[in-house]
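Visitor: I'll drop the sequence and a predicted model, then ask my questions.
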Amino acid sequence: MTIPLSWYLLLAATLFCIGFFGVLSRRNAVAALMGVELMLNAVNINLVGFWRYVRPADLTGQIFAIFVLAVAAAEAAVGLALMIAIYRTRRTINVDEIDLLKG
Amino acid sequence: MPMIFLFLALLTVVMAIGTVTARNLFHAALFLVGAFFGVATIYVLLEAEFLAVSQIIIYIGAIATLIVFAIMLSRSMMGREAGGYNRFWVAAAVGAAALLALLAWVLTTVPFPVVDQPVPADAISQIGAGLVGPYVIPFEVASVLLVVALIGAVMIARERHRQR
């Protein structure tokens, strides 16, 4: 326990903000999805860090992180399938050219 | 120990920055694998070995492979300029930096109720018992979610043979 908890939280915050920037700034939808994956990883570091430093006796934090992992896998599968379907019909997956729903 | 943490944290952050800045999307995906691996090493430092192995199997083994396949399936994404930014990237950078500053301020000023306890020796078997004991309902819901998501992914990405 020589490393303070806040170091892990700061690392997670940094990763989260990098992923946040990626989601907002990328033109390509797959690149934006990579940003989402970075954000989910940052959340998992927070969950595991709080588990280790605040409640190491019961493993709720780790089990939560496992559920986040499962939801991330589902999200990646559906997201990439959507992108492949959009690419097939529109020949592009740039998020600023996919504007069919724009009024 | 702090030196190891700083090295691994720096590696993870550099890989993450590479993921969001690489012009070539394929390089971005490889940087993403590096970032996933860095996060797995952080889990090892936090004594969550099961999660570290799950991270490598699920993220690097499955999700990263899926992303690489999606990049290769659409040829225009392999181009040199595919990883460009949209016109909001300056605002996004300022917003992300502001969020990081706010989080850093909160995280360094709030005192957390930290206890110095060892991890139980049978942590992995306790996780297994928890998943079929008190957390059995979320566990089953997660499995249903995965099945639904994967069937849905197959249905969405399936090639339709000119049916009107």
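Guide: That came through, no problem.

Visitor: And the least confident helix or strand in chain B by mean pLDDT, what's buried?
Guide: Lowest by mean pLDDT, DSSP states H and E among the helices and strands of chain B is helix B:64-73, with a mean of 86. For helix B:64-73, burial by neighbour count (16 or more other C-beta atoms under 10 Å in any protein chain shown) applies to B:64, B:66, B:67, B:68, B:70, B:71. Glycine gets a C-beta too; all of them are placed from N, C-alpha and C.

Visitor: check these against chain A, which are close?
Guide: When the buried residues of helix B:64-73 are checked against chain A using C-beta under 8 Å from any C-beta of the partner chain, the ones in range are B:66, B:67, B:70, B:71.

Visitor: show me what contacts the first one?
Guide: Meaning residue B:66. Residues near residue B:66 by C-beta atoms under 8 Å, 6 or more residues apart in numbering or on different chains: A:76, A:77, A:80.

Visitor: Which ones among those map onto helices?
Guide: The helices, defined by DSSP state H, take in A:76, A:77, A:80 from those.

Visitor: Would you state the helices of chain B in chain order?
Guide: Along chain B, the stretches classed as helices by DSSP H are B:2-21, B:25-45, B:49-54, B:64-73, B:89-109, B:123-132, B:136-157.

Visitor: out of those, deepest packed?
Guide: helix B:25-45 (a mean of 22; mean count of other C-beta atoms under 10 Å in any protein chain shown).

Visitor: Run through the chain and note the low-pLDDT ranges.
Guide: Since you didn't name a chain, this refers to chain A. Filtered on pLDDT under 70, chain A yields the residue ranges A:1, A:103.

Visitor: Let me rephrase: I mean chain B.
Guide: Scanning chain B for pLDDT under 70 picks out B:75-83, B:161-164.

Visitor: dump the residue contacts of the most centrally placed residue in chain B.
Guide: In chain B, the C-alpha nearest the mean C-alpha coordinate belongs to residue B:36, at 6.0 Å (C-alpha atoms, centre = their mean). Neighbouring residues of residue B:36 by C-beta under 8 Å, 6+ apart: A:37, A:41, B:55, B:56, B:59, B:60, B:63, B:64.

Visitor: domain ranges for chain B?
Guide: What the record gives for chain B is the domain set B:1-82, B:122-159, from automatic domain parsing.

Visitor: How about the last one and chain A, any contact?
Guide: Yes. Taking C-beta under 8 Å from any C-beta as the criterion, domain B:122-159 and chain A are in contact, through B:123, B:126-127, B:130-131, B:135, B:138, B:142, B:145-146, B:148-150, B:152-154, B:156-157, B:159.

Visitor: sorry, back to before: just give me the closest of the buried residues of helix B:64-73 to chain A.
Guide: The closest of those to chain A turns out to be residue B:70 (C-beta to the nearest C-beta; 4.3 Å).

Visitor: my read: that closest one touches residue A:85, true?
Guide: No. Using C-beta atoms under 8 Å, residue B:70 makes no contact with residue A:85, being 11.0 Å away.

Visitor: Residue B:99 contacts residue A:20, correct?
Guide: Yes. Taking contacts as C-beta under 8 Å, residue B:99 lies within contact range of residue A:20: 6.5 Å.

Visitor: so where do the helices sit in chain A?
Guide: Counting by DSSP H, residue ranges of the helices within chain A are A:5-25, A:29-54, A:60-90.

Visitor: got the ones you listed as CSV, with distance to residue B:92 columns?
Guide: As requested, those are exported to CSV (distance: least, C-beta to C-beta, whole Å):
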stretch, distance to residue B:92
helix A:5-25, 4
helix A:29-54, 10
helix A:60-90, 19
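
Visitor: Distance to chain B and mean neighbour count added to those helices, as CSV?
Guide: Formatted as CSV, the helices of chain A follow (distance: least, C-beta to the nearest C-beta, whole Å; neighbours: other C-beta atoms under 10 Å in any protein chain shown):
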stretch, distance to chain B, mean neighbour count
helix A:5-25, 4, 23
helix A:29-54, 5, 23
helix A:60-90, 4, 19
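
Visitor: wait, does stretch B:12-21 make contact with chain A?
Guide: Yes. Counting by C-beta under 8 Å from any C-beta, chain A has neighbours in stretch B:12-21: B:12, B:13, B:16, B:17, B:19, B:20.
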